[in-house]
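here are the coordinates; sequence isn't available:
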């Protein structure tokens, strides 16, 4: 479930934004990552109950027209990349959502892309996949050396 403490952490990230549009984007990315991290378990999950709690929080926080599904769709689209590259977001997320290390973000996004691919039947190429690949190269620069051989 979505604990009160996690809700406060997501809201703290959103409050670091410079304007409403950026705050909504920060909120969506932070909440999406929290959601994905929370479902990465071997335990049996009641997704109806979990999604209902997230949707209630989303509605109360940013209003109608958003859901956990739209948050996850946002995470798989190109508009998420500027947020992931924002120094303000990265600092806020690292500070307030410290239970999710930044090294785990590419893994969570890859899982989300994989699920989106399975549902839509479309490939997962694009800006998010490129960002994940870029982060992987940043984390392991020795791979770049191997590509030149």
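Everything's here; your move. Computed from a prediction, not measured in an experiment: that's the story for all the values here. Numbering: from 1, shown residues only.

Please make it C-alpha for all contacts and neighbour counts, starting now.
Will do.

remind me which residues of the protein are low pLDDT?
Scanning the chain for pLDDT under 70 picks out 1, 118-123, 140-149.

what's residue 124 in contact with, if anything?
113, 114, 116, 117 (C-alpha atoms under 8 Å, 6 or more residues apart in numbering).

Show me the contact partners of the helix or strand hosting the first one.
Spelled out, it's residue 113. Assigned by DSSP states H and E, residue 113 belongs to helix 105-120. Residues outside helix 105-120 that contact it (C-alpha under 8 Å, 6+ apart): 33, 36-37, 72-73, 75-76, 123-124, 128-129, 132, 135-136.

buried sites along stretch 44-62?
Buried residues in stretch 44-62, counting neighbours by 16 or more other C-alpha atoms under 10 Å, are found at 50, 51, 54, 55, 57, 58.

how near is the third one to residue 127?
Using C-alpha to C-alpha, to the nearest Å, one gets 26 Å for the distance from residue 54 to residue 127.

Pull out the buried positions in the helix holding residue 113.
105, 106, 108, 109, 110, 112, 113, 114, 116.

nearest to residue 2, of those residues?
Among the buried residues of helix 105-120, residue 108 lies closest to residue 2 (C-alpha to C-alpha), at 17.4 Å.

on that earlier part again, can you list the contacts of residue 124 in CSV and add distance to residue 23?
Listed next are the contacts of residue 124 as CSV, based on distance: C-alpha to C-alpha, whole Å:
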residue, distance to residue 23
113, 23
114, 27
116, 24
117, 28
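
List of residues touching the helix or strand harbouring residue 11?
Following DSSP H and E, one finds residue 11 within helix 4-15. For helix 4-15, contacts defined as C-alpha under 8 Å, 6+ apart pick out 22-27, 30-31, 34, 57, 89, 92-93, 96-97.

angle of the helix or strand following it against helix 105-120?
Downstream of helix 4-15, the first helix or strand assigned by DSSP H and E is helix 20-39. Angular relation of helix 20-39 and helix 105-120 on a 0 to 180 degree scale: 90 degrees, by axes from the mean of the first three to the mean of the last three C-alpha atoms, to 10 degrees.

Show me how far helix 20-39 is from its chain's centre.
5 Å (C-alpha atoms, centre = their mean, to the nearest Å).

Could you tell me how far the spatially most central residue of the chain is located from residue 80?
Centroid-nearest residue in the chain: residue 33, 3.4 Å away (criterion: C-alpha atoms, centre = their mean). Between residue 33 and residue 80 the distance is 12 Å, computed by C-alpha to C-alpha.

Good, we can wrap up now.
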